[in-house]
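S.K.: Need a 3D model of the sequence below.
(one chain, ligands or ions: 1)
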Amino acid sequence: MKLAKLFTMQKELDSYIESNQGIQTDVFKEKGLALLVELAELANETRCFKFWSTKGPSERQVILEEYVDSVHFLLSLGIAKGLNDLEEWPVGNQSGNLTELFIAAQEEILKFLRNPDLDHYRKVWEIYSAIAAGLGFENEEIIHAYIQKNEKNYERQRTGY
Ligand SMILES: O=c1ccn([C@H]2C[C@H](O)[C@@H](COP(=O)(O)OP(=O)(O)OP(=O)(O)O)O2)c(=O)[nH]1
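M.R.: Numbers count the residues shown, from 1 in each chain. Model (predicted):
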């Protein structure tokens with residue numbers, strides 16, 4: 001999947017948020033923590049690890065929105081480090097169930113935050129790709145959901161949330 005359009009949209013949104021909120025400092029770490037939190041929120045909605053409960057996962061649309069919140073911060077972190085020339089969404093060969101993939105994603109995000117280079121960045125994308133496959137999300141619906149949430153993020157800024 002091509003990433004250029006998403007990087008462009010993300011860059012515009014990030015600039016809008018920064019100017020709207022008067023951000024003058026480097027918020028890379030904040031965005032890194034935000035990605036870890038979004039990953040956990042996503043895992044929580046899937047309920048994949050809740051062996052103690054018989055309650056099923058949240059609705060597909062809820063899980064998809066959590067997923068694209070992560071995509072926002074992943075794009076944003078790449079832009080912050082000048083890695084936004086990544087053209088194609090990297091797909092790897094990660095195996096494992098969702099629980100294993102969520103743990104692997106957390107590990108790779110932490111490595112990337114310590115060492116924000118292209119290799120580490122690609123690895124995080126690869127795991128998110130495997131998570132999307134595990135959740136049965138197609139590229140088209142991810143793009144559609146990303147565009148919708150991107151617009152919602154502008155609205156939230158405009159309405160002073
Ligand atoms: O520099 C930024 C900061 C935020 N976002 C986006 C990413 C994500 O889509 C949203 C933040 O997540 P969410 O909508 O869950 O915000 P929240 O404040 O955690 O919402 P809530 O209080 O509803 O949980 O803002 C960006 O794209 N760039």
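
S.K.: ok, whichever residue of the chain sits closest to the ligand - how many residues close by?
M.R.: Residue nearest to the ligand within the chain: His72 (3.4 Å; CB to the nearest ligand atom). Where you see a C-beta, it was placed from the backbone N, CA and C, and this is true even at glycine. His72 has 22 neighbouring residues, counting by other CB atoms under 10 Å.

S.K.: Does the residue lying closest to it once chain neighbours are set aside belong to a helix, a strand or coil?
M.R.: Among residues not flanking His72 along the chain, Gln10 sits closest, at 6.4 Å (CB to CB, 6 or more residues apart in numbering). Three-state assignment for Gln10 (DSSP: H, G, I helix; E, B strand; the rest coil): helix.

S.K.: what sits against Gln10?
M.R.: His72, Leu75, Ser76, Ile79, Asn150 (CB atoms under 8 Å, 6 or more residues apart in numbering).

S.K.: Now the two most distant members of those residues.
M.R.: Maximum pairwise distance among those (CB to CB): 13.6 Å, between Ile79 and Asn150.

S.K.: circling back: look at the residue of the chain closest to the ligand and tell me its secondary structure.
M.R.: helix.

S.K.: pretty sure it is in contact with Tyr146, am I right?
M.R.: Yes. Assessed by CB atoms under 8 Å, His72 is found in contact with Tyr146 at 7.4 Å.

S.K.: Helix or strand for the nearest residue to Gly92 once chain neighbours are set aside, just tell me which one.
M.R.: Distances taken as CB to CB, 6+ apart place Glu126 nearest to Gly92, at 3.3 Å, with adjacent residues excluded. Here Glu126 sits within helix 118-135, counting by DSSP states H and E.

S.K.: between the next helix or strand after that helix and helix 118-135, how many degrees?
M.R.: Downstream of helix 118-135, the next assigned helix or strand under DSSP H and E is helix 139-158. Orientation of helix 139-158 against helix 118-135 (axes from the mean of the first three to the mean of the last three CA atoms, to 10 degrees) gives an angle of 110 degrees.

S.K.: Would you pull up how far helix 139-158 lies from the middle of the chain?
M.R.: 12 Å (CA atoms, centre = their mean, to the nearest Å).

S.K.: what residues does this protein put near the ligand?
M.R.: With CB under 6 Å from any ligand atom as the criterion, the chain meets the ligand at residues Leu13, Asp14, Ile17, Asp69, His72, Phe73, Ser76, Lys149, Asn153.
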